[in-house]
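**Student:** just coords:
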């Protein structure tokens, strides 16, 4: 999956979440960039995985073909067909992502995930809430997807934020070229770094990639930028990394490193509906993490890390 070429001052954004309190210190504006090199089975942002804008369809909002067929008339590729429920269905193979159907859909049942934004567009939105950053110690967080998969765009946003005295951080999976991390790190006070599993075989099975590059980048980042605070986060997924041994392996890897803290993120299904909008299958249908298990793993991590 290659990244569509844009200028360094523009890129693909699929969401901007204001007043976020879970993506770094203080009140923050989280900018979600499209594109990710991983294929995590539990991904809560499936619309982030592809680098280009995607067509989404919310069947519940569709007026129905008896009262509206504008999308069918607008589609030149016969990708929108009648459905047995009186609405429409999308032929994903035929769709050319021209998005003419989106332009004419009166109910917004058809919409796009992702649009082109410039650095100036992003900072204009971010700066609208600057008063909250000053009072709370917040700022801008780049997330995704993997924001450094659009490395030039991410770098220009971070650099411009610094010029405008907006605190910035990045949430990364670590599976990027070291040069991308090395370039943005001097502009950051804190970075959110996912470590999902120390077991390479399990990591490959559940994310589609090896953890070797991720671990190498983590060590390089810690050694090269000792003053940069690293918040390590682990999404706990039943059947993947929810045993005591899984969490202990991660904590033991980082516990003696200075300026590193740790956080567990319990599994949730909040992004499941978006798979339906994209005509994709959610692969963890029957998975559930109990609250008791999540609490126990958090307590284990705290005891091993010494409360940091």
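**Tutor:** On my side now, so go ahead. Bear in mind that the values here come from a model prediction, so they are computed numbers and not experimental data.
**Student:** what is the end-to-end distance of stretch 173-189?
**Tutor:** One end of stretch 173-189 sits 18 Å from the other (Cα to Cα, to the nearest Å).
**Student:** let me redo that: stretch 199-213
**Tutor:** Per Cα to Cα, stretch 199-213 runs 13 Å from first to last residue.
**Student:** stretch 46-64 now?
**Tutor:** Taking Cα to Cα as the criterion, the two ends of stretch 46-64 lie 26 Å apart.
**Student:** again with stretch 269-288
**Tutor:** 9 Å.
**Student:** mind listing what the residue nearest to residue 288 when sequence neighbours are not counted touches?
**Tutor:** Ranked by Cβ to Cβ, 6 or more residues apart in numbering and with sequence neighbours excluded, the top spatial neighbour of residue 288 is residue 238, at 6.7 Å. Placement of C-beta: from N, CA and C, glycine included. Applying Cβ atoms under 8 Å, 6 or more residues apart in numbering to residue 238 gives the contacts 267, 287, 288, 289.
**Student:** pull out the buried members of these.
**Tutor:** Listed as buried from the contacts of residue 238 are 267, 287, 289; burial here means 16 or more other Cβ atoms under 10 Å.
**Student:** my guess is the second one contacts residue 242. True?
**Tutor:** No: contact status for residue 287 versus residue 242: not in contact, 9.7 Å apart, counting by Cβ atoms under 8 Å.
**Student:** pull up the overlap in contacts between those two.
**Tutor:** residue 267.
**Student:** number of residues surrounding the nearest residue to residue 279 once chain neighbours are set aside?
**Tutor:** Residue nearest to residue 279 in three dimensions, not counting chain neighbours: residue 92, with 5.5 Å by Cβ to Cβ, 6+ apart. As a burial measure, residue 92 scores 14 neighbours (other Cβ atoms under 10 Å).
**Student:** in three-state terms, label residue 92 for me.
**Tutor:** coil (DSSP: H, G, I helix; E, B strand; the rest coil).
**Student:** one step back: now do the residue nearest to residue 288 against residue 297, distance only.
**Tutor:** Distance, residue 238 to residue 297, using Cβ to Cβ, to the nearest Å: 11 Å.
**Student:** do residue 133 as well
**Tutor:** 32 Å.
**Student:** next: residue 76.
**Tutor:** Between residue 76 and residue 297 the distance is 52 Å, computed by Cβ to Cβ.
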